[in-house]
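got a predicted structure plus its sequence, pasted below:
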Amino acid sequence: MKSKWMKKLLSVMIIGTAVLGLAACSGGTDTEEPAETQTEESTEVQAEAEDTDAAQEPDAEEATDAAEGEGGALVAYFSWSGNTEAVAQEIQSQTGADLFEIVPAEPYTDDYDELLDIAQEEQSSDARPAIAETVDLSAYDTVYLGFPNWWGDMPMIMYTFLDEYDLSGKTIAPFNTSGGSGFSGSLDTIAEMEPEAEITEGLSLGSSEAEDCADTVSGWLNSIGLAG
């Protein structure tokens with residue numbers, strides 16, 4: 001009788017031990033699941049952050065293009081007879097600057113004597129002849145500004161240009177052609193109209209010098225520190 005009781009007691013103890021062991025194993029599995037889930041979520045968040053950083057980084061080609069768009073030079077000029085244009089083209093050739101011809105919306109006459117009368121009339125009335133085309137100056141730090149001398153001054157279309165474009169913070173390198181009058185008072189006028197610009201020493205050539213001006217232009221560019 002005692003032997004049977006002992007056997008039952010032993011069986012109960014064995015069963016109890018097995019149940020406790022299963023419970024312990026089950027509890028360990030529950031503990032690990034959240035940790036695995038958290039790791040996966042952390043990986044996803046990190047990947048999203050890396051993608052965001054990559055999207056915010058500027059494209060290398062775009063950054064290079066933006067850098068190349070800064071610090072450029074432009075030759076902006078008005079020419080009636082072609083003398084000033086010849087000098088402008090020589091400056092462009094030696095510096096690699098862009099060219100912009102200041103063309104009147106209403107073309108001037110081809111007759112020289114008639115042109116003299118028109119130029120004097122525009123000057124007397126402080127006219128502002130319209131310019132046919134526009135130009136974006138935002139990419140240029142240096143503007144070579146060219147024109148002929150008409151009646152001891154710039155042609156009035158140059159006043160239009162300086163009225164319409166703000167050259168503040170830029171370097172203006174003036175050049176002109178004339179029959180012998182040089183710049184007259186036009187350099188002072190440019191300084192008054194563009195007080196926030198830096199104005200270099202100007203280059204003035206006689207009409208007969210314009211066609212063969214390579215050496216003169218080279219010497220001028222070197223003297224003002226703008227040689228190509």
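Perfect, I can see it now.

and the gap between the closest residue to residue 104 other than its chain neighbours and residue 147?
Leaving out its chain neighbours, the residue that sits closest to residue 104 by C-beta to C-beta, 6 or more residues apart in numbering is residue 129, at 5.1 Å. Any C-beta I mention is one placed from the backbone N, CA and C, and that applies to glycine too. When distance is defined by C-beta to C-beta, to the nearest Å, residue 129 is 13 Å away from residue 147.

ditto for residue 177
Look at residue 177 and residue 147: by C-beta to C-beta, they are 8 Å apart.

neighbour count for residue 129 and residue 147, which is higher?
More crowded of residue 129 and residue 147, by other C-beta atoms under 10 Å: residue 147, with 27 against 19.

which strands or helices does the helix or strand where the more buried one lies pack on?
Taking DSSP states H and E as the definition, residue 147 sits inside strand 140-148. In terms of contacts (3 or more C-beta pairs under 8 Å, 6 or more residues apart in numbering; DSSP states H and E), strand 140-148 is packed against strand 72-77, helix 83-95, strand 171-178.

got the CA coordinates for that strand in PDB?
Extracted in PDB, the C-alpha atoms of strand 140-148 (Å, rounded to 0.1, in the frame of the first residue of the first chain):
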ATOM      1  CA  TYR A 140      28.600  87.700 -64.900                       C
ATOM      2  CA  ASP A 141      31.000  89.400 -62.500                       C
ATOM      3  CA  THR A 142      32.800  91.500 -65.200                       C
ATOM      4  CA  VAL A 143      31.200  93.500 -67.900                       C
ATOM      5  CA  TYR A 144      33.300  95.000 -70.700                       C
ATOM      6  CA  LEU A 145      31.200  98.000 -71.800                       C
ATOM      7  CA  GLY A 146      31.900  99.400 -75.300                       C
ATOM      8  CA  PHE A 147      30.500 102.300 -77.300                       C
ATOM      9  CA  PRO A 148      31.600 105.000 -79.800                       C
END
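
now do the buried residues in the very next helix or strand once past it.
For strand 140-148, the following helix or strand on the C-terminal side (DSSP H and E) is helix 156-164. For helix 156-164, the buried set under the neighbour-count rule, 16 or more other C-beta atoms under 10 Å, comprises 156, 157, 158, 159, 160, 161, 162.

one more: stretch 108-117?
108, 115.

quick check: end-to-end length of that stretch?
Terminal residues of stretch 108-117 are spaced 11 Å apart (C-alpha to C-alpha, to the nearest Å).

what sits up against it?
With C-beta atoms under 8 Å, 6 or more residues apart in numbering as the test, stretch 108-117 has contacts from 80, 118, 151.

now swap in stretch 75-95 and tell me
Looking at what lies outside stretch 75-95 - C-beta under 8 Å, 6+ apart - the contacts are 73, 97-103, 108, 115, 135, 143-148, 155, 157-158, 161, 175-177, 203, 205, 207, 210-211, 213-214, 217-218, 221, 226-228.

which of the residues you listed count as buried?
73, 97, 100-102, 108, 115, 135, 143-148, 155, 157-158, 161, 175-177, 203, 205, 207, 210, 213, 217, 221, 226.

returning to that earlier point: report the angle between the strand holding residue 147 and strand 72-77.
10 degrees (axes from the mean of the first three to the mean of the last three C-alpha atoms, to 10 degrees).

where does this structure have low pLDDT?
1-70 (pLDDT under 70).

many thanks, I have nothing further to ask.
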